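Visitor: Here's my sequence, what's the structure:
(one chain, ligands or ions: 1)
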Amino acid sequence: MTPDINAKRLLNSFLELCSIDAEPTRERAMADHLTALLIGLGFSVTEDDAGCRLGGTAGNLYATLAGSGSGETLLFSCHMDRVVPGCGVKPQLAGEYIVSDGSTVLGADDVAGLAAVLEGIVAVREQGLPHPPLELLFSVAEELSLLGIEQFDMSRLVSRCGFVLDAGGPVGEIVVMAPEQVRLSAVIRGRAAHAGIAPQEGVSAIQIAATAIAGMRLLRIDAETTANIGSIRADGPTNIVPDRCEINAEVRSTDPARLAVQVAAMQQALEEAARAAGGQVEISLRSNYRSYRLDPASAPVRRAGAAASRLGLTVRHRSTGGGSDANFLNERGIPTAVLCCGFEKVHTCQERIAVAELTRLAQWVAAILTGGDEASLSSR
Ligand SMILES: [Zn+2]
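Guide: From the prediction side, this is the model:
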């Protein structure tokens, strides 16, 4: 059977969580609030030292609860932080939606996930329904390119079936594919000279950057690959030919080969432009997270799909262009699907979520927790 959730309690919990300040690396109040709630539910909760390592106020929360039935341990994960401006949020109802007052984000990304996981668990337990052992991982600094979960000791996790609640799109949709992201940073060096008296003796680092960028393919490269220049920086007076310019860019692809081709093309454009002008370029690359592709027969995809079907939701498997904590969990060998949470216009002050979608998300969690035979891990 599918447990009933308490929609009113869920809404109140969502509004309360949104109004707690939780910008990246400033998650202390949120971590304290969630810790108290989880302890009240019988979880044992620990906080790691990610806060110290990142110069933040709180670490990742890891919580476990013994099961009341059979089945293998399930992991649910959400992030506690939200993008700036995410302090002083005043969540409010506007028709069928929950919105902010327009001066901040709402923080439904990822409070919707947090509230749905909590309500799903509370509902299942108060109805006395059996559920498997649970692990929860609530991360910090997810919005800073997944810095928080990178600090978490993955060897503590015993689950082999994980769910990250952290994607837009209708509740019922399951993200089974996400890209790897590589950051490309370049420092271009030219030669300074007086711009009025002897500009011909100078080499403009800005001109090198401009030539290189003009020669790059950027933005949507193909169905699986994207590339973007995020910043270009060179500060100087107009009477000096600039001898230094910095570029920060990223490339993403779900296909490692295409990712490598695009990164190489951007490197080559920079190197050629520098060489042609008589300058130099230093390029550093950093892979922020790895791509993943889940088998439709993998435990989390089957279990989430079966639960959504039981609720009458439209189940669809899809890819995303964004990274999430699931990239790390999958990389460390814990098959983890991302559940779509119904939030919209995230990372803007127009962020919103329909009350009905929030309700369906909590129902989905409860249905996954009490998943029947058709979705059980042992039936594989
Ligand atoms: Zn998110």
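Visitor: from here on, contacts and neighbour counts on C-alpha atoms
Guide: Noted.
Visitor: Can you list the buried residues in stretch 85-104?
Guide: Along stretch 85-104, these residues count as buried under the neighbour rule (16 or more other Cα atoms under 10 Å): 85-91, 97-101, 104.
Visitor: what about it, near the ion?
Guide: No. Stretch 85-104 lies apart from the ion when judged by Cα under 5 Å from the ion; the minimum separation is 12.7 Å.
Visitor: Quick one: distance of that stretch to the chain centre.
Guide: Here the centre of stretch 85-104 is set off from its chain's centre by 21 Å, with Cα atoms, centre = their mean, to the nearest Å.
Visitor: Give me the residues contacting that stretch.
Guide: Residues outside stretch 85-104 that contact it (Cα atoms under 8 Å, 6 or more residues apart in numbering) are 15, 18-23, 84, 105-107, 348-356.
Visitor: can you dump the C-alpha coordinates of the longest helix along the chain into PDB?
Guide: Selection of the longest helix in the chain by residue count, based on DSSP state H, yields helix 256-277. As requested, the backbone C-alpha atoms of helix 256-277 are provided in PDB (Å, rounded to 0.1, in the frame of the first residue of the first chain):
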ATOM      1  CA  PRO A 256      34.100  11.600 -22.100                       C
ATOM      2  CA  ALA A 257      35.500  11.600 -25.700                       C
ATOM      3  CA  ARG A 258      33.500  14.600 -26.800                       C
ATOM      4  CA  LEU A 259      34.500  16.400 -23.600                       C
ATOM      5  CA  ALA A 260      38.200  15.800 -24.300                       C
ATOM      6  CA  VAL A 261      37.800  17.000 -27.900                       C
ATOM      7  CA  GLN A 262      36.100  20.300 -26.900                       C
ATOM      8  CA  VAL A 263      38.700  20.900 -24.100                       C
ATOM      9  CA  ALA A 264      41.500  20.300 -26.500                       C
ATOM     10  CA  ALA A 265      40.000  22.700 -29.100                       C
ATOM     11  CA  MET A 266      39.800  25.500 -26.600                       C
ATOM     12  CA  GLN A 267      43.300  24.900 -25.400                       C
ATOM     13  CA  GLN A 268      44.500  24.900 -29.000                       C
ATOM     14  CA  ALA A 269      42.700  28.200 -29.700                       C
ATOM     15  CA  LEU A 270      44.400  29.900 -26.700                       C
ATOM     16  CA  GLU A 271      47.900  28.500 -27.500                       C
ATOM     17  CA  GLU A 272      47.700  29.500 -31.200                       C
ATOM     18  CA  ALA A 273      46.500  33.000 -30.500                       C
ATOM     19  CA  ALA A 274      49.300  33.400 -27.900                       C
ATOM     20  CA  ARG A 275      52.000  32.100 -30.200                       C
ATOM     21  CA  ALA A 276      50.800  34.200 -33.200                       C
ATOM     22  CA  ALA A 277      51.000  37.400 -31.100                       C
END
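Visitor: For it, which residues meet the burial criterion?
Guide: The neighbour-count check on helix 256-277 (16+ other Cα under 10 Å) flags 256, 258-259, 262-263, 266-267, 269-274, 277 as buried.
Visitor: Give me the subset of the contacts of stretch 85-104 lying in strands.
Guide: Filtering the contacts of stretch 85-104 for membership in strands, criterion DSSP state E, returns 352-354.
Visitor: re the thing from before, okay, the buried residues of helix 256-277 in TSV with pLDDT and distance to T336 next?
Guide: Compiled in TSV, the buried residues of helix 256-277 are given as follows (pLDDT from 0 to 100; distance: Cα to Cα, whole Å):
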residue	pLDDT	distance to T336
P256	90	20
R258	96	24
L259	96	22
Q262	98	27
V263	98	27
M266	98	32
Q267	98	33
A269	98	37
L270	98	37
E271	98	39
E272	98	42
A273	98	43
A274	98	43
A277	98	48
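Visitor: so which pair among the residues you listed is furthest apart in space?
Guide: For the buried residues of helix 256-277, the farthest-apart pair by Cα to Cα is P256 and A277; their separation is 32.1 Å.
Visitor: quick one: average pLDDT of stretch 161-172?
Guide: Regarding stretch 161-172, the rounded mean pLDDT is 97.
Visitor: What of stretch 34-49?
Guide: Mean pLDDT, taken over the full extent of stretch 34-49, equals 98.
Visitor: Next, the residues that contact that stretch from outside, please.
Guide: 58-65, 122, 152.
Visitor: Pull up the residues of the protein that are close to the ion.
Guide: Counting by Cα under 5 Å from the ion, the positions of the chain adjacent to the ion are 109-110, 166.
Visitor: Of those residues - the most surrounded one?
Guide: Of all the residues of the chain next to the ion, D109 has the most neighbours under the rule other Cα atoms under 10 Å, reaching 31 neighbours.
Visitor: all helices for the protein, in order.
Guide: Counting by DSSP H, the helices of the chain are 7-18, 28-40, 50-54, 108-126, 147-150, 205-214, 256-277, 299-310, 325-331, 355-369.
Visitor: okay, which residue of this structure is out on the far edge from center?
Guide: Most distant residue from the mean C-alpha position of the chain: I197, 51.5 Å away (Cα atoms, centre = their mean).
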